[in-house]
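Colleague: requesting a structural model of the entry that follows:
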Amino acid sequence: MSNDTTQPPPRRHFLRQVITVAGSASLSSPLAVGSGAAAAVAVTGAHAAQDPATPVSAPGLIGYECFSADEAAFTETMVNVMCPADQFTPNGVDCGLAIFMDRQLGGAYGKGAGRYMHGPWTQGKPQLGLQLPLTPEQFFKAGVEAANRQAQGKFGKTFDQLQPAEADAFLAAIADGKVIDEAVPLAAWFNELVYPLFTQACYADPLYGGNNNKVFWKMLGYPGLPATHTLDMVNYRGKPFPGAKDPKSILDFS
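Modeller: Okay, here's the model as predicted:
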(Lines give C-alpha, C1' and ligand atoms only; values in the text may rest on other atoms or scores of the structure.)
Protein backbone atom coordinates (compact mmCIF):
# COMPACT_ATOMS: atom_id res chain seq x y z
CA MET A 1 0.00 0.00 0.00
CA SER A 2 1.33 3.43 -0.86
CA ASN A 3 2.46 5.83 1.85
CA ASP A 4 0.37 8.50 0.15
CA THR A 5 -2.82 8.64 2.23
CA THR A 6 -4.51 11.28 0.09
CA GLN A 7 -5.50 8.96 -2.76
CA PRO A 8 -7.25 5.57 -2.52
CA PRO A 9 -5.13 2.63 -3.74
CA PRO A 10 -5.89 1.11 -7.19
CA ARG A 11 -8.02 -1.76 -5.85
CA ARG A 12 -10.56 0.79 -4.64
CA HIS A 13 -11.56 1.76 -8.20
CA PHE A 14 -15.09 0.43 -7.58
CA LEU A 15 -15.43 2.63 -4.50
CA ARG A 16 -13.93 5.68 -6.22
CA GLN A 17 -16.70 5.43 -8.81
CA VAL A 18 -19.27 5.33 -6.01
CA ILE A 19 -17.84 8.48 -4.39
CA THR A 20 -18.03 10.31 -7.72
CA VAL A 21 -21.69 9.38 -8.11
CA ALA A 22 -22.50 10.22 -4.49
CA GLY A 23 -21.44 13.80 -5.03
CA SER A 24 -24.46 14.46 -7.22
CA ALA A 25 -26.99 11.82 -6.09
CA SER A 26 -29.21 11.36 -3.04
CA LEU A 27 -27.62 9.28 -0.32
CA SER A 28 -30.88 7.80 0.94
CA SER A 29 -32.03 4.39 -0.24
CA PRO A 30 -35.61 3.81 -1.46
CA LEU A 31 -35.38 0.07 -0.93
CA ALA A 32 -37.47 -1.79 1.60
CA VAL A 33 -35.72 -3.59 4.44
CA GLY A 34 -36.57 -7.03 5.83
CA SER A 35 -37.17 -7.54 9.53
CA GLY A 36 -35.85 -10.13 11.98
CA ALA A 37 -32.60 -12.12 11.77
CA ALA A 38 -31.71 -15.70 10.97
CA ALA A 39 -28.91 -17.48 12.81
CA ALA A 40 -25.90 -17.32 10.50
CA VAL A 41 -22.67 -15.34 10.33
CA ALA A 42 -22.52 -12.69 13.08
CA VAL A 43 -21.07 -9.24 12.46
CA THR A 44 -18.22 -8.70 14.90
CA GLY A 45 -17.76 -5.84 17.33
CA ALA A 46 -20.01 -4.72 20.17
CA HIS A 47 -19.31 -0.99 20.00
CA ALA A 48 -18.90 1.53 17.18
CA ALA A 49 -15.23 2.15 16.47
CA GLN A 50 -13.78 5.64 16.16
CA ASP A 51 -11.01 4.58 13.77
CA PRO A 52 -12.59 4.10 10.30
CA ALA A 53 -10.21 1.23 9.56
CA THR A 54 -11.37 -0.71 12.63
CA PRO A 55 -14.16 -3.32 12.23
CA VAL A 56 -17.49 -2.03 13.48
CA SER A 57 -20.81 -3.61 14.35
CA ALA A 58 -24.13 -3.42 12.55
CA PRO A 59 -27.10 -1.86 14.41
CA GLY A 60 -28.77 -5.08 15.51
CA LEU A 61 -28.73 -6.82 12.10
CA ILE A 62 -26.99 -10.16 12.56
CA GLY A 63 -26.85 -13.13 10.20
CA TYR A 64 -28.34 -13.67 6.75
CA GLU A 65 -32.03 -14.00 5.98
CA CYS A 66 -31.83 -14.44 2.21
CA PHE A 67 -28.41 -15.82 1.27
CA SER A 68 -27.44 -19.47 1.28
CA ALA A 69 -23.96 -20.36 2.58
CA ASP A 70 -22.55 -20.28 -0.97
CA GLU A 71 -24.25 -16.98 -1.77
CA ALA A 72 -23.01 -15.45 1.49
CA ALA A 73 -19.44 -16.58 0.73
CA PHE A 74 -19.65 -15.09 -2.77
CA THR A 75 -21.13 -11.80 -1.57
CA GLU A 76 -18.67 -11.38 1.30
CA THR A 77 -15.74 -11.98 -1.05
CA MET A 78 -17.22 -9.55 -3.59
CA VAL A 79 -17.79 -6.66 -1.16
CA ASN A 80 -14.33 -7.14 0.34
CA VAL A 81 -12.80 -6.88 -3.13
CA MET A 82 -14.87 -3.81 -4.01
CA CYS A 83 -14.20 -2.23 -0.61
CA PRO A 84 -10.90 -3.58 0.78
CA ALA A 85 -9.80 -2.63 4.27
CA ASP A 86 -7.32 0.24 4.33
CA GLN A 87 -6.78 3.65 5.93
CA PHE A 88 -10.14 4.85 4.63
CA THR A 89 -12.60 2.15 5.75
CA PRO A 90 -12.80 -1.38 7.15
CA ASN A 91 -13.46 -4.14 4.60
CA GLY A 92 -16.86 -4.44 2.96
CA VAL A 93 -18.12 -7.15 5.32
CA ASP A 94 -17.22 -5.12 8.42
CA CYS A 95 -18.87 -2.08 6.83
CA GLY A 96 -22.10 -4.12 6.69
CA LEU A 97 -22.36 -4.21 2.90
CA ALA A 98 -23.19 -7.93 2.64
CA ILE A 99 -25.83 -7.63 5.36
CA PHE A 100 -27.42 -4.67 3.56
CA MET A 101 -27.64 -6.61 0.29
CA ASP A 102 -29.10 -9.63 2.06
CA ARG A 103 -31.82 -7.55 3.72
CA GLN A 104 -32.77 -5.71 0.54
CA LEU A 105 -32.98 -8.90 -1.52
CA GLY A 106 -34.87 -10.71 1.23
CA GLY A 107 -37.40 -7.88 1.62
CA ALA A 108 -40.13 -6.35 -0.52
CA TYR A 109 -37.67 -4.97 -3.09
CA GLY A 110 -36.05 -8.37 -3.60
CA LYS A 111 -39.44 -10.04 -3.95
CA GLY A 112 -40.35 -7.71 -6.82
CA ALA A 113 -42.80 -5.39 -5.04
CA GLY A 114 -44.17 -2.83 -7.50
CA ARG A 115 -42.80 -4.66 -10.52
CA TYR A 116 -44.78 -6.09 -13.41
CA MET A 117 -44.27 -9.82 -13.01
CA HIS A 118 -46.82 -11.26 -15.47
CA GLY A 119 -46.09 -12.41 -19.02
CA PRO A 120 -45.92 -12.55 -21.91
CA TRP A 121 -42.22 -11.61 -21.93
CA THR A 122 -40.80 -10.14 -25.11
CA GLN A 123 -37.46 -8.60 -26.01
CA GLY A 124 -37.55 -4.94 -24.97
CA LYS A 125 -35.71 -2.00 -26.47
CA PRO A 126 -32.31 -1.26 -24.89
CA GLN A 127 -33.50 2.14 -23.65
CA LEU A 128 -36.20 0.42 -21.57
CA GLY A 129 -33.58 -1.14 -19.31
CA LEU A 130 -33.29 -4.71 -18.13
CA GLN A 131 -36.31 -6.85 -19.03
CA LEU A 132 -36.40 -10.14 -17.12
CA PRO A 133 -39.15 -12.38 -15.71
CA LEU A 134 -37.17 -12.53 -12.44
CA THR A 135 -37.40 -10.70 -9.16
CA PRO A 136 -34.22 -8.92 -7.99
CA GLU A 137 -33.67 -11.75 -5.50
CA GLN A 138 -34.00 -14.42 -8.19
CA PHE A 139 -31.75 -12.49 -10.57
CA PHE A 140 -29.08 -11.99 -7.91
CA LYS A 141 -29.04 -15.66 -6.98
CA ALA A 142 -28.95 -16.74 -10.63
CA GLY A 143 -26.05 -14.36 -11.23
CA VAL A 144 -24.06 -15.70 -8.29
CA GLU A 145 -24.54 -19.23 -9.58
CA ALA A 146 -23.51 -18.21 -13.11
CA ALA A 147 -20.48 -16.24 -11.91
CA ASN A 148 -19.34 -19.18 -9.80
CA ARG A 149 -19.84 -21.46 -12.81
CA GLN A 150 -17.65 -19.22 -14.95
CA ALA A 151 -15.02 -18.87 -12.21
CA GLN A 152 -14.93 -22.64 -11.88
CA GLY A 153 -14.38 -22.98 -15.61
CA LYS A 154 -11.66 -20.30 -15.74
CA PHE A 155 -9.82 -20.87 -12.46
CA GLY A 156 -10.91 -24.34 -11.36
CA LYS A 157 -12.46 -22.93 -8.17
CA THR A 158 -15.41 -20.83 -7.06
CA PHE A 159 -15.26 -17.05 -6.74
CA ASP A 160 -14.86 -17.03 -2.95
CA GLN A 161 -11.70 -19.16 -3.28
CA LEU A 162 -9.94 -16.70 -5.62
CA GLN A 163 -7.07 -14.50 -4.51
CA PRO A 164 -8.09 -10.83 -4.14
CA ALA A 165 -6.30 -9.76 -7.34
CA GLU A 166 -7.93 -12.60 -9.31
CA ALA A 167 -11.36 -11.79 -7.88
CA ASP A 168 -10.93 -8.09 -8.64
CA ALA A 169 -9.96 -8.77 -12.25
CA PHE A 170 -12.82 -11.26 -12.62
CA LEU A 171 -15.39 -8.71 -11.39
CA ALA A 172 -13.98 -6.09 -13.76
CA ALA A 173 -14.25 -8.56 -16.66
CA ILE A 174 -17.88 -9.28 -15.72
CA ALA A 175 -18.67 -5.55 -15.63
CA ASP A 176 -17.02 -5.07 -19.03
CA GLY A 177 -19.07 -7.86 -20.60
CA LYS A 178 -16.05 -10.13 -21.08
CA VAL A 179 -17.43 -13.03 -19.03
CA ILE A 180 -20.23 -14.71 -20.96
CA ASP A 181 -22.71 -17.15 -19.49
CA GLU A 182 -25.37 -18.70 -21.68
CA ALA A 183 -28.03 -18.64 -18.96
CA VAL A 184 -27.50 -15.24 -17.29
CA PRO A 185 -26.49 -11.82 -18.75
CA LEU A 186 -23.69 -11.28 -16.27
CA ALA A 187 -22.73 -7.76 -17.39
CA ALA A 188 -26.31 -6.57 -16.84
CA TRP A 189 -26.46 -8.52 -13.58
CA PHE A 190 -23.43 -6.71 -12.21
CA ASN A 191 -24.01 -3.23 -13.64
CA GLU A 192 -27.77 -2.99 -13.15
CA LEU A 193 -28.31 -4.96 -9.93
CA VAL A 194 -25.13 -5.69 -7.98
CA TYR A 195 -23.35 -2.36 -8.38
CA PRO A 196 -26.43 -0.24 -7.49
CA LEU A 197 -26.93 -2.39 -4.38
CA PHE A 198 -23.28 -1.88 -3.49
CA THR A 199 -23.54 1.92 -3.76
CA GLN A 200 -26.71 1.94 -1.68
CA ALA A 201 -25.06 -0.29 0.93
CA CYS A 202 -22.21 2.22 1.23
CA TYR A 203 -24.26 5.39 1.58
CA ALA A 204 -27.68 4.44 2.96
CA ASP A 205 -28.60 5.20 6.54
CA PRO A 206 -26.96 2.66 8.89
CA LEU A 207 -30.45 1.65 9.99
CA TYR A 208 -30.59 -0.57 6.91
CA GLY A 209 -27.51 -2.61 7.76
CA GLY A 210 -24.73 -1.03 5.68
CA ASN A 211 -22.54 2.04 6.24
CA ASN A 212 -21.64 0.77 9.72
CA ASN A 213 -20.58 3.49 12.14
CA LYS A 214 -21.48 5.96 9.32
CA VAL A 215 -17.98 5.34 7.98
CA PHE A 216 -18.78 6.37 4.40
CA TRP A 217 -20.62 9.50 5.51
CA LYS A 218 -17.57 10.48 7.57
CA MET A 219 -15.28 9.81 4.62
CA LEU A 220 -17.31 12.25 2.49
CA GLY A 221 -18.00 14.76 5.24
CA TYR A 222 -21.74 14.14 4.93
CA PRO A 223 -23.51 15.27 8.14
CA GLY A 224 -26.45 12.88 8.01
CA LEU A 225 -30.19 13.43 7.78
CA PRO A 226 -30.52 16.31 5.28
CA ALA A 227 -33.86 17.54 6.65
CA THR A 228 -32.08 18.81 9.76
CA HIS A 229 -29.44 20.82 7.88
CA THR A 230 -31.37 23.36 5.83
CA LEU A 231 -29.95 26.38 7.66
CA ASP A 232 -26.51 24.79 7.97
CA MET A 233 -26.34 24.50 4.18
CA VAL A 234 -26.75 28.27 3.99
CA ASN A 235 -24.45 29.24 6.85
CA TYR A 236 -21.64 26.80 5.98
CA ARG A 237 -21.75 26.92 2.18
CA GLY A 238 -18.17 26.63 0.95
CA LYS A 239 -16.89 26.14 4.51
CA PRO A 240 -16.01 23.05 6.57
CA PHE A 241 -19.01 21.93 8.61
CA PRO A 242 -18.05 20.79 12.15
CA GLY A 243 -21.05 18.45 12.38
CA ALA A 244 -19.71 16.30 9.55
CA LYS A 245 -17.35 14.64 12.05
CA ASP A 246 -20.36 13.20 13.88
CA PRO A 247 -23.11 12.55 11.31
CA LYS A 248 -26.60 11.66 12.49
CA SER A 249 -28.65 8.73 11.21
CA ILE A 250 -32.30 7.80 11.66
CA LEU A 251 -31.25 5.70 14.64
CA ASP A 252 -29.91 8.80 16.40
CA PHE A 253 -33.38 10.33 16.32
CA SER A 254 -35.28 7.16 17.32
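
Colleague: could you give the number of residues near Gly92?
Modeller: 28 (other CB atoms under 10 Å). Backbone N, C-alpha and C define where each C-beta goes, glycine included.

Colleague: surely it touches Ile99?
Modeller: No: counting by CB atoms under 8 Å, Gly92 stays clear of Ile99, with 10.2 Å between them.

Colleague: mind picking out the helix or strand in this structure with the poorest mean pLDDT?
Modeller: Using mean pLDDT, DSSP states H and E, helix 13-22 stands out as the lowest-scoring helix or strand of the chain, at a mean of 47.

Colleague: after that one, next one along is what?
Modeller: Using DSSP states H and E, the next helix or strand after helix 13-22 towards the C-terminus is helix 69-82.

Colleague: that next one packs against which elements?
Modeller: helix 13-22, helix 97-106, helix 136-155, helix 164-175, helix 195-203 (3 or more CB pairs under 8 Å, 6 or more residues apart in numbering; DSSP states H and E).

Colleague: any buried residues in it, and which?
Modeller: Across helix 69-82, burial judged by 16 or more other CB atoms under 10 Å covers Glu71, Ala72, Ala73, Phe74, Thr75, Glu76, Thr77, Met78, Val79, Asn80, Val81, Met82.

Colleague: and for that helix, what's in contact with it?
Modeller: 11, 14-15, 40-41, 64, 67, 91-93, 95, 97-98, 101-102, 140-141, 144, 147-148, 158-160, 162, 164, 167-168, 171, 194, 198, 201 (CB atoms under 8 Å, 6 or more residues apart in numbering).

Colleague: measure the residue nearest to the spatial centre of the chain to Asp70 for me?
Modeller: Nearest to the geometric centre of the chain sits Phe198, at 2.1 Å (CA atoms, centre = their mean). According to CB to CB, to the nearest Å, Phe198 and Asp70 sit 19 Å apart.

Colleague: for Leu171, same thing?
Modeller: 17 Å.

Colleague: go on, Leu220?
Modeller: 34 Å.

Colleague: with Gly209 instead?
Modeller: 20 Å.

Colleague: what does Gly224 give?
Modeller: 36 Å.

Colleague: got it, and Pro90?
Modeller: For Pro90, the distance to Asp70 - CB to CB - is 24 Å.

Colleague: next: Pro136.
Modeller: For Pro136, the distance to Asp70 - CB to CB - is 18 Å.

Colleague: buried residues in stretch 83-102, which are they?
Modeller: Within stretch 83-102, judged by 16+ other CB under 10 Å, the buried ones are 83-86, 88-102.

Colleague: and the end-to-end length of it?
Modeller: Terminal residues of stretch 83-102 are spaced 17 Å apart (CA to CA, to the nearest Å).

Colleague: ok now it, how far from the chain's centre?
Modeller: In this view, stretch 83-102 has its centroid 8 Å away from the chain centroid, taken as CA atoms, centre = their mean, to the nearest Å.
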